[in-house]
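J.: Generate coordinates for the sequence data below:
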Amino acid sequence: MEDIATKILIIGGGPAGYVAAIRAGQLGLPVILVEKDQLGGTCLNIGCIPSKALIHAADAYYQALGRQQGSVFGLQTGDVTLDWAKTLKWKNAIVRRLTGGVEGLLRKQRVTVLKGTAEIQDGKTVLVHGKAGTTRIRTQHLVLATGSAPLQIPALPFGGNVISSTDALALTEIPKKLAVVGAGYIGVELSTAFAKLGSQVTLIEAADRILPLWDLELTAPVRKRLTALGVTVMTRSEARELSEDGRILQVHQHGSGAAVPVEADRFLVAVGRRPNIGGFGLERLDLAMNGAFIRIDKYCATSMLNVWAIGDITGEPMLAHRAMAQGTMLAEHLAGKKSAFEEPVIPSVCFTDPEVVCVGLMPDQAKREDYEIVTGIFPFTANGRAMTQQDESGFVRIIARADNHLVLGIQAVGHDVSELVNGFALAVEMGAVLEDVAQTIHAHPTRGEAFQEAAFTALGRNLHS
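T.: Numbering: from 1, shown residues only. Below you'll find the predicted structure:
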């Protein structure tokens, strides 16, 4: 057995782990990174990146189909086909390019990468079981960054026709009928994509509406679009039992008590994700937990000295950009720099059609925190760029304190609003007031003008609405 010593040992090569390793390497710290599967984790390999590639391909195909009958500005196309095998090949090439980039960055910063399964012995010692044998690593700082995995439900365990989001992104054939259980952002994104690809989609959600963590005003345009795409949306409904042949799901509808059979070729379960806290000896550590997650402080320290946790295993929001920010912060903290992960602004994005974004507090959240607020909304129906793009659905909304106009939150729903969200986050993070946003000159014609106009509206100085 080979023995190695290092200052920092990171278990998990997903966004949290590889960013922490790269930043620590930049700061001159000796780092070993252990990954049992592929560098890049869920996000690069089976999550954020491949799903967005699929969403783009589906939308391009759907838009091309719509041009067969001609457009208002005179564009008309002929026969439209989609080579699905080529689509998957293109998606996988993007993944390989990005994961290859991660490998290159780790090499550049002299990070030692070990491929294998980690087994924690104690807070200072980890065994790594790889193809060439077992390596014992002794470390001063142990960093846990093991990520998360799709949740299963008792009625639909994965296997056969029951698939996870990971499986959905690798289907070799587009299902003729697809049932999606769970109308959170993953379920709604994939329902939209497969509907555009030609699947007959049924979306099943136990709550009384889709995207239940977002407010109704934001999600209503998404629900309307799903209906237009032919998606059957069943809310207040629960998946109960799958037939023996794996083709018919009994769905219980709350309120009526009726059981509705839903037939599909595939049943996609997208009810959330769970932290990866088993299978690598975590039980040998005496860690305080926060439910299913590892409890941490603002420095990502656990309850054990020099044992740290970052990313999805530390709780919501389980987002790659949060994980990467934690990884950067922790590396700098271990290098002796003044750095903490304390009340940061974390944007949320739902890549549906239309897209939905949120930064900071929504109106009901602000009211629950006893803020007296003013709100400004500007619709894309009054935005010139939206008109030229033939997509005027949605709006930008800004919430601020009534007394001093401090911006508390910004939300938007509409075409490509994901490209606006970083500006929203910057405004909230820097403590902007409504006057800051309103008096900043926004380029014309852009969708971003709706941000400025929403601020004008909140100030009672409506210009174009």
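
J.: in a helix, that's where residue 357 is, yeah?
T.: No. Applying DSSP: H, G, I helix; E, B strand; the rest coil, one finds residue 357 to be strand, outside a helix.

J.: Dihedrals phi and psi, the closest residue to it other than its chain neighbours?
T.: Nearest residue to residue 357, sequence neighbours excluded (C-beta to C-beta, 6 or more residues apart in numbering): residue 421, at 4.2 Å. All C-beta spots, glycine's among them, are computed from the backbone N, C-alpha and C. Main-chain dihedrals, residue 421, degrees, to the nearest 10: phi -70, psi -30.

J.: Can you give the distance from stretch 120-136 to the centre of its chain?
T.: Centre-to-centre, stretch 120-136 and its host chain are 31 Å apart (C-alpha atoms, centre = their mean, to the nearest Å).

J.: So what pairs up with residue 135 in the strands?
T.: residue 2, residue 128 (DSSP bridges).

J.: wait, isn't it in contact with residue 6?
T.: No. Using C-beta atoms under 8 Å, residue 135 is not in contact with residue 6; the gap is 11.1 Å.

J.: Okay, the residue nearest to residue 357 and residue 280: tell me how far apart.
T.: Distance, residue 421 to residue 280, using C-beta to C-beta, to the nearest Å: 34 Å.

J.: Could you do residue 217 as well?
T.: Residue 217 is 43 Å from residue 280, by C-beta to C-beta.

J.: Between those two, which is the more surrounded one?
T.: Taking other C-beta atoms under 10 Å, residue 217 and residue 280 do not tie; residue 280 has more neighbours (20 against 14).

J.: Got the domain ranges for this structure?
T.: 2-149+274-334, 162-271, 354-458 (automatic domain parsing).

J.: out of those domains, nearest to residue 346?
T.: Smallest distance to residue 346 across the domains of the chain (C-beta to C-beta): 5.2 Å, for domain 2-149+274-334.

J.: how much space is there between residue 78 and residue 61?
T.: 14 Å.

J.: Tell me which of those two has more neighbours.
T.: For residue 78 versus residue 61, the count of surrounding residues by other C-beta under 10 Å is larger for residue 61: 19 against 7.

J.: can you tell me which residues contact that one?
T.: 80, 82, 196, 197 (C-beta atoms under 8 Å, 6 or more residues apart in numbering).

J.: Select from these the one having the most neighbours.
T.: That'd be residue 196 among the contacts of residue 61, by other C-beta under 10 Å, with 22 neighbours.

J.: hey, where'd the helices end up in this structure?
T.: 15-26, 41-46, 48-66, 84-108, 165-168, 185-197, 216-228, 320-334, 363-368, 384-388, 421-429, 434-439, 449-458 (DSSP state H).

J.: can I get the CA coordinates of the first one in PDB?
T.: As requested, the backbone C-alpha atoms of helix 15-26 are provided in PDB (Å, rounded to 0.1, in the frame of the first residue of the first chain):
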ATOM      1  CA  PRO A  15     -17.900  21.800  -9.300                       C
ATOM      2  CA  ALA A  16     -17.200  22.300  -5.500                       C
ATOM      3  CA  GLY A  17     -14.300  20.000  -5.400                       C
ATOM      4  CA  TYR A  18     -12.500  20.900  -8.600                       C
ATOM      5  CA  VAL A  19     -12.900  24.600  -8.100                       C
ATOM      6  CA  ALA A  20     -11.500  24.300  -4.500                       C
ATOM      7  CA  ALA A  21      -8.600  22.300  -5.800                       C
ATOM      8  CA  ILE A  22      -7.800  24.700  -8.600                       C
ATOM      9  CA  ARG A  23      -7.900  27.800  -6.300                       C
ATOM     10  CA  ALA A  24      -5.900  26.000  -3.700                       C
ATOM     11  CA  GLY A  25      -3.300  25.100  -6.300                       C
ATOM     12  CA  GLN A  26      -3.200  28.800  -7.500                       C
END
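
J.: now the angle from it to helix 48-66?
T.: Orientation check (axes from the mean of the first three to the mean of the last three C-alpha atoms, to 10 degrees): helix 15-26 against helix 48-66 gives 120 degrees.

J.: So in the chain, where's the weakest helix or strand by average pLDDT?
T.: helix 41-46 (a mean of 88; mean pLDDT, DSSP states H and E).

J.: by contact count, what packs against that one?
T.: helix 15-26, helix 84-108 (3 or more C-beta pairs under 8 Å, 6 or more residues apart in numbering; DSSP states H and E).

J.: what sits up against the shortest one?
T.: Meaning helix 15-26. Under C-beta under 8 Å, 6+ apart, the answer for helix 15-26 is 8, 10-11, 13, 31, 33, 35, 39-41, 43-44, 102, 105-106, 108-111, 143, 145, 147, 310-312, 320-321, 323-324, 326-328, 330-332, 334-335.

J.: what residue ranges in the chain score low on pLDDT?
T.: 465 (pLDDT under 70).

J.: first vs last residue of stretch 354-374, how far apart are they?
T.: Chord length of stretch 354-374, first to last residue, is 25 Å (C-alpha to C-alpha, to the nearest Å).

J.: swap that for stretch 167-177, please
T.: End-to-end distance (C-alpha to C-alpha), stretch 167-177: 16 Å.

J.: what's the offset of it from the middle of its chain?
T.: 21 Å.

J.: again, but for stretch 413-426
T.: Counting by C-alpha atoms, centre = their mean, stretch 413-426 comes out at 15 Å from the chain centroid.

J.: Kindly report the same for stretch 305-318.
T.: For stretch 305-318, the distance to the chain centre is 16 Å (C-alpha atoms, centre = their mean).

J.: Begin at 473 from now on, thanks
T.: I'll keep to 473 as the first residue from here, and by that count the last item is stretch 777-790.

J.: Can I get that stretch in CSV? Just the C-alpha atoms.
T.: Provided in CSV are the C-alpha atoms of stretch 777-790 (Å, rounded to 0.1, in the frame of the first residue of the first chain):
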residue,chain,number,x,y,z
LEU,A,777,-11.6,20.2,13.5
ASN,A,778,-10.1,20.6,10.0
VAL,A,779,-12.9,18.6,8.3
TRP,A,780,-14.8,20.8,5.8
ALA,A,781,-17.8,20.3,3.6
ILE,A,782,-18.9,22.2,0.4
GLY,A,783,-21.5,21.8,-2.3
ASP,A,784,-24.7,19.9,-2.3
ILE,A,785,-24.0,17.8,0.8
THR,A,786,-24.3,21.1,2.8
GLY,A,787,-27.9,21.8,1.9
GLU,A,788,-30.0,24.1,-0.3
PRO,A,789,-29.8,25.6,-2.7
MET,A,790,-28.2,22.7,-4.4
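
J.: Now do the buried residues in that stretch.
T.: Neighbour-count burial for stretch 777-790, counted by 16 or more other C-beta atoms under 10 Å, picks out 779, 780, 781, 782, 783, 784, 785, 786, 787, 790.
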